[in-house]
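Colleague: Need coordinates for the following:
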Amino acid sequence: MKRIAIIMILCTLIIGMAENTYAQGEAAVPFLLLAPDSRAGGLGESGAGLADNSAAIFWNPAGIAFLTGSEVGFTHSNWLPMFNLDLFYDYATYRQYIDDLSGSVTASVTYMNYGEFVRTSSNSPDPIGTFRSFDAALTLGYATKLSNDWGLGFNFRVIHSRLADKPTEAEQGSGVATSVSFDIGAMWRPEKFELPLIGDIGNKFSIGMNLSNIGPKIYYIDQAQADPIPTNFRLGLATRIFEDEYNSLTYTVDFSKLLVDKGDAFRGTVDTTNTEKRKDFYETIFTAWFDQSFNEELRDIVTTMGLEYWYGSEADGFKFALRAGFFYEDPSYGNRKFVTLGAGIRYDLYGFDFSYITTDVFKGSENHPLNNTLRFSLLIGWGSQAKATTGFPRGI
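Modeller: The predicted structure is shown next:
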């Protein structure tokens with residue numbers, strides 16, 4: 001499966017090119033880790049603690065428990081623009097609050113296009129055909145409030161990866177794989193929270209946790225050569241620093257860690273003569289925290305943060321936002337670091353956001369493949385709390 005292995009290597013670049021590809025190579029279908037929306041994208045790709053629009057399906061489904069009404073969202077981005085390849089992804093979301101269920105049902109579709117490839121023979125470099133490669137995921141979820149302060153959310157996901165449509169000559173397997181996964185998220189957003197010397201920051205502070213992509217390994221050839229999907233733990237915090245009738249400033253920070261067996265790293269092929277038992281996904285959720293030294297485990301955590309400023313009045317029906325953020329990954333575990341910028345507007349039921357990634361501020365990173373990446377998102381919300389996507393809605 002040489003051609004499939006080449007495409008898999010390309011897939012690792014979805015997350016970003018690194019001096020050391022150790023982090024990117026630990027799991028298959030890495031598109032599941034891709035920050036899908038422009039708003040969180042402008043906040044350094046942080047959102048587990050804020051999670052107050054339909055994109056919370058990705059960041060933390062529990063955040064949707066604090067929302068009512070309905071919302072749809074669409075995001076498009078050309079990915080890795082520095083490569084000038086036909087790489088792009090689309091992301092669509094939907095949420096609907098249902099009184100009889102005391103919560104919201106949600107859905108999202110993620111589509112990652114890798115472009116068109118030329119098929120050749122092992123005996124000749126001459127083209128014998130073409131094929132297109134893509135990854136896709138369909139997610140269905142439910143979110144509800146356990147109390148006025150606590151939200152809980154669940155997702156179920158079907159993953160389909162089509163790296164090649166058929167094997168090459170005598171090779172086995174087709175390069176097509178399907179698997180499933182689920183997420184569980186929780187959020188604490190207190191209505192009242194007194195801090196000494198500061199006062200009550202109720203409805204201005206939240207902490208969220210999301211354990212995503214929990215599921216069996218995915219394989220293209222046979223189960224002996226299966227690769228883990230990118231199970232990921234994310235802990236986020238968001239707080240409203242300042243707010244008056246026309247202005248608000250919010251700070252977000254996320255800490256995330258990939259929970260896969262370090263000995264189970266994706267290499268394109270697997271040595272089937274190795275009889276050492278590979279850990280199952282329900283084991284690595286726990287063991288991945290302790291398979292390195294304590295210092296290495298800390299360095300394996302990705303830190304992201306951002307600031308969001310809104311100006312405008314709900315009474316006027318128009319607001320606009322400016323955003324900035326920072327993404328940091330340790331040099332030994334991927335070495336991604338970049339600054340994000342973003343902006344957004346809200347008018348009545350409609351919202352538009354965009355975000356921009358730049359690595360130019362870091363010496364030697366000017367030609368990073370993520371540099372100059374743009375995302376564009378459109379939101380439409382209606383019903384009660386349709387305008388909650390500007391942050392921290394009050395309790396239902």
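Colleague: isn't residue 259 right next to residue 233, touching?
Modeller: Yes. With contacts defined as Cβ atoms under 8 Å, residue 259 counts as touching residue 233 at a distance of 5.7 Å. Yep, even glycine has a C-beta here, placed from its N, CA and C like the rest.
Colleague: Overlap in contacts, those two.
Modeller: Contact with both residue 259 and residue 233 is made by residues residue 211, according to Cβ atoms under 8 Å, 6 or more residues apart in numbering.
Colleague: neighbour count winner among those two?
Modeller: Ranked by neighbour count (other Cβ atoms under 10 Å), residue 259 and residue 233 place residue 259 first, with 23 against 18.
Colleague: Could you report the pLDDT at the more buried one?
Modeller: You'll see residue 259 listed with a pLDDT of 92.
Colleague: which ones are touching it?
Modeller: Contacts for residue 259 were tallied using Cβ under 8 Å, 6+ apart; they are 211, 231-233, 284-285, 288-289.
Colleague: one more time with 7 Å
Modeller: By Cβ atoms under 7 Å, 6 or more residues apart in numbering, the contact set of residue 259 is 231-233, 284-285, 288.
Colleague: just residue 329 next, same as before
Modeller: For residue 329, the residues meeting the contact criterion (Cβ under 7 Å, 6+ apart) are 23, 302, 335-337.
Colleague: Nearest to residue 64, out of those residues: which one, please.
Modeller: residue 302 (23.5 Å; Cβ to Cβ).
Colleague: Run through the bridge partners of that closest one.
Modeller: Using DSSP bridges, the beta-bridge partners of residue 302 come out as residue 256.
Colleague: what do you get for the one 4 residues further on?
Modeller: Beta-bridge partners of residue 306, counted by DSSP bridges, are residue 252, residue 325.
Colleague: In CSV, could you pull the C-alpha coordinates for stretch 338-353?
Modeller: Taking only C-alpha atoms (Å, rounded to 0.1, in the frame of the first residue of the first chain), the coordinates of stretch 338-353 have been written out as CSV:
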residue,chain,number,x,y,z
PHE,A,338,1.5,30.4,16.0
VAL,A,339,-0.5,33.6,16.6
THR,A,340,-4.1,33.8,15.5
LEU,A,341,-6.2,36.9,14.7
GLY,A,342,-9.9,37.1,14.0
ALA,A,343,-13.0,39.2,13.8
GLY,A,344,-16.7,38.7,13.7
ILE,A,345,-20.0,40.5,13.4
ARG,A,346,-23.5,39.7,14.7
TYR,A,347,-26.6,41.3,13.1
ASP,A,348,-30.0,40.1,14.2
LEU,A,349,-30.1,36.3,13.5
TYR,A,350,-26.9,36.3,11.5
GLY,A,351,-23.2,36.1,12.3
PHE,A,352,-20.0,36.0,10.3
ASP,A,353,-16.5,35.2,11.6
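Colleague: Pull out the buried positions in that stretch.
Modeller: Of the residues in stretch 338-353, those with enough neighbours to count as buried (16 or more other Cβ atoms under 10 Å) are 338-344, 346, 349, 351, 353.
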